[in-house]
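>>> no sequence on this one, just coordinates:
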């Protein structure tokens, strides 16, 4: 189980290294959330969504959290087809993942990055 690097944004759909957007629906890999040592009970998450190249016509993307890496719930959702930074507050999660629920006319796809603060 990979864990999230606290000091940099982590790619939840596994594609920012090649900067290729995901165009297929479904959940990305799950990651263990590691919070700063001075704030182990922090529940603040930032996530960035952007499209490299042509924007899709529409999309539904969920940031999902889990306490046990089995049962998942929605922390936040977006339907933005352009770049966006979103915040999720006060929702406990030991694991996170991005779930591309729907995408129409994928274009360049979508990239999601995550940071626990």
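Done, it's in. Source: prediction; values computed, not measured.
>>> Low-confidence regions, this protein specifically.
By pLDDT under 70, the low-scoring segments of the chain are 1-20, 35-42.
>>> Run a quick neighbour tally on residue 105.
The burial count assigned to residue 105 is 12, neighbours taken as other CB atoms under 10 Å. C-beta: built from backbone N, CA, C; applies to glycine.
>>> Please tell me how far the residue nearest to it when sequence neighbours are not counted sits from residue 81.
Spatial nearest neighbour of residue 105, chain neighbours left out: residue 57 (3.9 Å); criterion: CB to CB, 6 or more residues apart in numbering. Using CB to CB, to the nearest Å, residue 57 is found at 7 Å from residue 81.
>>> Comparing those two, which shows the higher neighbour count?
Applying other CB under 10 Å to residue 57 and residue 81 shows that residue 81 carries more neighbours, namely 20 against 11.
>>> quick one, what contacts that one?
Listed by CB atoms under 8 Å, 6 or more residues apart in numbering, the contact partners of residue 81 are 51, 55-59.
>>> switch the cut-off to 7 Å
Applying CB atoms under 7 Å, 6 or more residues apart in numbering to residue 81 gives the contacts 51, 55-56, 58-59.
>>> For residue 89, which residues are in contact?
Taking CB under 7 Å, 6+ apart as the test, what residue 89 contacts is 43-44.
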